[in-house]
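**Student:** pasting the structure only:
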């Protein structure tokens, strides 16, 4: 939608030629335009326009909370015999949380702000408060938990898409976690599963670094599994249909084999480590 506002010229017409900055990126066409038409002070009645200059400025309007009000008229329909009557009213549309005042758009905003933009709930509530909307922290936390349950099928589908491949990269990395039951941050782990062919990544948070976590996630996986030399991945060496390979682990096995041959033959030589 394009909103057009007609205003009179408020400053002297510029005569200097404006040169477009050579390094400026164009503003996305997908953004909504508010068009402000500036007319000259002079009387242009009867004149033919020969062109127009367009100047674009990127602006921002803070997000708006609003109330979507559903009004449903009620009717009384008498029966044919006139002895009884029935109430007629339209049904409400399907809603994510039927017993909550939170609409679908607000729930979406809460989830994206928290998990994509990493904006804590208390900061979101502070933004709402500036719009004279006060909501308890526990209430919003409950909304987020309930909304997350609703999108679990989407998560399950994403897991299936990432793991339904014949070549997978797996690695784990640490993350500092705040827990209400502990007085200080502790170390948690993101287990990352990456389908390099379709550029799909799956992040699975777990509190520890044990082999049981990738084993549970990959219990149906068949194909090539690329990892680092961490011992937890050795559990896949004996899994039928899985071909694990890692440069570090392969190098360790070669070195152990060379040391074993050295001890058996009694000869002394330094193992070739140039490929590590």
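**Tutor:** Now that the structure is in, tell me what you want to look at. Everything quoted here is computed from the prediction, not taken from an experiment.

**Student:** host element of the closest residue to residue 158 other than its chain neighbours?
**Tutor:** Of all residues not flanking residue 158 in the chain, residue 202 sits nearest, at 6.6 Å (C-beta to C-beta, 6 or more residues apart in numbering). Where C-beta positions appear, they are placed from N, C-alpha and C, glycine not excepted. In the assignment (DSSP states H and E), residue 202 maps to strand 200-206.

**Student:** quick check: buried residues in the following helix or strand past that strand?
**Tutor:** Toward the C-terminal end, the helix or strand that comes next after strand 200-206 (DSSP H and E) is helix 212-217. For helix 212-217, the neighbour count (16 or more other C-beta atoms under 10 Å) marks 213, 214, 217 as buried.

**Student:** looking at it, the first one is touching residue 219, isn't it?
**Tutor:** No. The pair residue 213 / residue 219 is not scored as a contact, 11.2 Å apart, by C-beta atoms under 8 Å.

**Student:** can you tell me the element residue 114 falls in?
**Tutor:** Going by DSSP H and E, residue 114 is part of helix 104-115.

**Student:** correction: the previous question concerned residue 228.
**Tutor:** Residue 228 belongs to no helix or strand, assigned by DSSP H and E.

**Student:** measure how buried it is and give me the count.
**Tutor:** 14 (other C-beta atoms under 10 Å).

**Student:** okay, it and residue 51: tell me how far apart.
**Tutor:** Distance of residue 228 to residue 51, computed by C-beta to C-beta, to the nearest Å: 62 Å.

**Student:** do the same with residue 224
**Tutor:** 61 Å.

**Student:** who has more neighbours out of those two?
**Tutor:** Comparing residue 224 with residue 51 by other C-beta under 10 Å, the one with more neighbours is residue 224, at 14 against 4.

**Student:** how about the strands in the protein?
**Tutor:** Secondary structure of the chain (DSSP state E): strands located at 3-8, 34-39, 75-78, 85-88, 167-177, 186-195, 200-206, 223-226, 242-245.
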